[in-house]
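>>> no letters, just coordinates:
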């Protein structure tokens, strides 16, 4: 883009567009749009208090098991001084006030980095980037939620103090009451009068440790409904005159529907209508089972133009990327003279396409009535889903209402919005409510896969074993830019960011810069066009870049004749938090140095403001299958809002990392994924799950992310353990022996 730079850019279009929108016209403040039930009083954008004393907190993040429907209300309730038994939660409406620039930055890692910080933050609000991902919920929203609780507490105290004739600063709150000595008034008695009061600047926060909810493992707000079955997911929605739909989409690439057998489908009992588009065909019926049987009877045939995509073509595309110029993502001292001649250590690592394999397939319910569209769906990005549905239905965004539902997993899959657009099309076409659900095979065939990658690693060691030079060349799809462009089509700021000089897509190599002290290093990215859509999976690229780094480091330690854990700690420099994680995991796990035959391996990683070390014990059994016997993790994630949820997330991340290490991957044949059923996904079963020990290290640092921190170090720890168990170095994910 000629003449465009970080300094001159306000909002720019794509190359040659030259569009500049006045910065002064961008709104700076936004009004809240919470709705109140009878007897409720709204306090700002974040909470409501009822006459009966109940407190409802608006949560702008998708609840897919990570506990945000508990931890975010807990922050408000702690600062407010509420009784946890009276606290409830509801999904926040679409509003710029709930934008998550931190989460967007983590998900689209590096894509917006060329823009000034102020532009990124304002764009997140203007584009209503309400996204859940990147372990960002508490890191992004704790300050605003704490302020909301403090503001409501001050307003309630002011009203109570006026009634008692005392200084409001002498009043406090506890268990849902404003208190002053022996005097007590319930929040509900004060709420209506308090809502219109003035808030001091700066806000006073609660002090002292007595009666605090923060740091306590309070009861999860979403647990009772999930236990008794009353929790509502998208597939539980029932509307009058609603029909159920199943769908079949064409193979990846330029695919067009060319033939269906409607007569066969219409013979299925309960089938009501068949809807065809260029890209897909759907059947609507009285039950989803009938609709899905109709899809089978339709026997859809698609014509795919362009090159054939299979596992071999993907591998060729990745390999060919190394022959093209690279983007240098990070560098230290010059490598030129350090990686030439003899003595250079080299290794190549690979990772295959990964699948989300969430328990809940893509689902959306759509209701078109009176030129308005309502959507009920699991979504990690409700504003993206709204825009996609509006485009599909030919409506303005203002005519579409999104009702975010509880999500059955997701792991990044629900950032995508194909199901929302398809359900909108069906609802407008059929003129009645439609619940669309992808079959399990459809969900796996048309996933937005974790990108595959190849890493070519080179290093030189000093005589004492220290690393003198480190060079990582990584070939992978440009997933960050692809994901952002797919989710935000037509976004002018995104186009400008990608067109700016020096713009980089750092997603594909995120986490590739080692945490170690390296005098000379470089991280190079080679973009590859593999012909398969890729997206965000829990942990992002860290899930494989940590594998590359920590396996290669283990190999270097062996060449240097050093013990792997001490070798790492010796190179960390001043990173005391990661060093403590390593020493803690080693102590708890009975680390014996990873000597030959021990079956022990260790790895570490730092990201999203948290630190982890994982010790694994693994072996190959008589049937030549990989068995992981034990995982020991030490995590420093800063201050904990809810210790049990922190532990749950770390344990879940370890299991997710185990699945990434041993399965949850697919090859490709004739533009279609090979894995099409859960039985072939190779998820770890209970009998195959190792003993797990987690130690969360006490810390007063700001909270770091916990939803993903358990994932990255698992695969390299297992690979390193298998090396020590049998002397074989496995350099590809998923890890496979000869008989697997």
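Yep, that arrived. From a predicted model like this one, the values you see are computed outputs, not experimental measurements.
>>> hang on, isn't residue 220 packed against residue 65?
No: applying CB atoms under 8 Å, one finds residue 220 not in contact with residue 65, separated by 10.3 Å. Heads up, the C-betas are built off the backbone N, CA and C, glycines and all.
>>> who has more neighbours out of those two?
Each of residue 220 and residue 65 has its neighbours counted (other CB atoms under 10 Å); residue 65 has more, 21 against 18.
>>> which helix or strand lies directly C-terminal to the worst-scoring helix or strand of the chain on mean pLDDT?
Lowest on mean pLDDT, DSSP states H and E among the helices and strands of the chain sits helix 117-126, with a mean of 88. As assigned by DSSP states H and E, the chain's next helix or strand after helix 117-126 is helix 137-164.
>>> tell me the angle that following helix makes with helix 117-126.
Relative orientation of helix 137-164 versus helix 117-126 (axes from the mean of the first three to the mean of the last three CA atoms, to 10 degrees): 70 degrees.
>>> mind listing residues that contact the helix or strand following helix 137-164?
Downstream of helix 137-164, the next assigned helix or strand under DSSP H and E is strand 172-174. Strand 172-174 is contacted from outside by 80, 81, 82, 153, 156, 157, 178, 179, 180, 187, 206, 211, using CB atoms under 8 Å, 6 or more residues apart in numbering.
>>> give the buried subset of those residues as a ChimeraX selection command.
Buried members of the contacts of strand 172-174, defined by 16 or more other CB atoms under 10 Å, are picked up in ChimeraX with:
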select :80,81,82,153,156,157,178,179,180,187,206
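>>> widest-spaced pair of the contacts of strand 172-174?
82 and 180 (17.6 Å; CB to CB).
>>> quick test: name the residue nearest the centre of this structure.
By CA atoms, centre = their mean, the mean C-alpha position of the chain lies nearest to residue 133, the distance being 3.2 Å.
>>> distance of it from residue 538?
Per CB to CB, to the nearest Å, residue 133 is found 9 Å from residue 538.
>>> which neighbours do the two have in common?
residue 412.
>>> neighbours of residue 40, how many?
Count around residue 40 with other CB under 10 Å applied: 21.
>>> and it, what's its pLDDT?
Here the pLDDT value assigned to residue 40 is 98.
>>> my guess is it meets residue 50, correct?
Yes: the pair residue 40 / residue 50 is scored as a contact, 4.9 Å apart, by CB under 8 Å.
>>> now do the shared contacts for the two.
In contact with both residue 40 and residue 50: residue 56, using CB under 8 Å, 6+ apart.
>>> just the pLDDT at the closest residue to residue 706 other than its chain neighbours, thanks.
Taking CB to CB, 6 or more residues apart in numbering as the measure, residue 706 lies nearest to residue 649, with 4.4 Å between them; neighbours along the chain are not counted. As predicted, residue 649 sits at a pLDDT of 98.
>>> and residue 649, what does it touch?
Going by CB under 8 Å, 6+ apart, residue 649 touches 66, 67, 706, 707, 709, 710.
>>> helix or strand: which one has it?
Using DSSP H and E, residue 649 falls in helix 643-662.
>>> ok, residue 126 to residue 102 distance?
16 Å.
>>> tell me the confidence at the closest residue to residue 128 other than its chain neighbours?
Distances taken as CB to CB, 6+ apart place residue 383 nearest to residue 128, at 4.1 Å, with adjacent residues excluded. For residue 383, the pLDDT comes out at 97.
>>> where do the strands of the stretch 1-150 of the chain begin and end?
40-43, 47-50, 55-59, 87-91 (DSSP state E, counting those that start in this stretch).
>>> how about a markdown table for those, with distance to residue 579 added?
Output for the strands of the stretch 1-150 of the chain, formatted as a markdown table (distance: least, CB to CB, whole Å):
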| stretch | distance to residue 579 |
| --- | --- |
| strand 40-43 | 44 |
| strand 47-50 | 41 |
| strand 55-59 | 36 |
| strand 87-91 | 39 |
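>>> so which of those is nearest residue 116?
Of all the strands of the stretch 1-150 of the chain, strand 55-59 comes closest under CB to CB, at 29.9 Å.
>>> ok, the closest residue to residue 301 other than its chain neighbours to residue 141 distance?
Counting by CB to CB, 6+ apart, residue 259 is the residue found nearest to residue 301 once chain neighbours are left out, at 4.3 Å. As judged by CB to CB, residue 259 and residue 141 stand 50 Å apart.
>>> of the two, who's got more company?
residue 141 (24 against 11).
>>> can you tell me how far that one sits from residue 522?
Taking CB to CB, one finds residue 141 at 37 Å from residue 522.
>>> can you check residue 318 too?
Distance of residue 318 to residue 522, given as CB to CB: 19 Å.
>>> what's the answer for residue 610, then?
Residue 610 is 26 Å from residue 522, by CB to CB.
>>> name the residue in those two with the higher neighbour count.
Taking other CB under 10 Å, residue 610 and residue 522 do not tie; residue 610 has more neighbours (27 against 22).
>>> is it true that the more buried one touches residue 637?
Yes: judged on CB under 8 Å, residue 610 makes contact with residue 637 at a distance of 4.1 Å.
>>> common neighbours of these two, please.
704, 705, 706, 709.
>>> going by distance to residue 489, which of these wins?
Nearest member of these to residue 489, counting by CB to CB, is residue 705, at 28.3 Å.
>>> not counting sequence-adjacent ones, nearest residue to that closest one?
Nearest one to residue 705, counting by CB to CB, 6+ apart, is residue 135 at 2.4 Å.
>>> quick one: residues contacting that neighbour.
Here residue 135 is in contact with 106, 608, 610, 704, 705, 706, 707, 708, 709 (criterion: CB under 8 Å, 6+ apart).
>>> what would the contacts of residue 649 look like in CSV with pLDDT?
Below are these laid out as CSV (pLDDT from 0 to 100):
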residue, pLDDT
66, 97
67, 98
706, 98
707, 97
709, 98
710, 98
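>>> which of those has the most neighbours?
residue 706 (32 neighbours).
>>> how far away is it from residue 326?
For residue 706, the distance to residue 326 - CB to CB - is 33 Å.
>>> can you report phi and psi for the spatially closest residue to residue 111 that is not a sequence neighbour?
The spatially closest residue to residue 111, leaving aside those adjacent along the chain, is residue 480, at 4.6 Å (CB to CB, 6+ apart). Phi and psi for residue 480, reported as degrees, to the nearest 10, are phi -60, psi -50.
>>> which residues touch residue 586?
By CB under 8 Å, 6+ apart, the neighbours of residue 586 are 565, 602, 613, 615.
>>> so which helix or strand takes in residue 483?
Applying DSSP H and E, one finds residue 483 within helix 479-487.
>>> elements contacting that helix?
Using 3 or more CB pairs under 8 Å, 6 or more residues apart in numbering; DSSP states H and E, the elements in contact with helix 479-487 are helix 492-499.
>>> quick one: list the elements packing against the helix it packs on.
Applying 3+ CB pairs under 8 Å, 6+ apart, we find helix 492-499 packed against helix 479-487.
>>> so for the helix it packs on, mean pLDDT?
97.
>>> quick one: that helix to chain centroid distance?
From the chain centre to the centre of helix 479-487 is a distance of 14 Å (CA atoms, centre = their mean, to the nearest Å).
>>> and the angle from it to helix 492-499?
150 degrees.
>>> count of residues packed around the closest residue to residue 175 other than its chain neighbours?
Excluding its sequence neighbours, the residue lying closest to residue 175 (CB to CB, 6+ apart) is residue 83, at 4.5 Å. Residues lying near residue 83 (other CB under 10 Å) number 18.
>>> same deal with residue 239?
Residue 239 - counted by other CB under 10 Å - has 15 other residues nearby.
>>> name the SS class of it, please.
Applying DSSP: H, G, I helix; E, B strand; the rest coil to residue 239 yields a three-state assignment of coil.
>>> what do you get for residue 729?
Applying three-state DSSP: residue 729 is coil.
>>> that one and residue 721 touch, don't they?
No: with contact defined as CB under 8 Å, residue 729 does not count as touching residue 721 (11.5 Å).
>>> more neighbours: those two, which one.
residue 721 (29 against 15).
>>> which strand or helix spans the more buried one?
helix 714-726.
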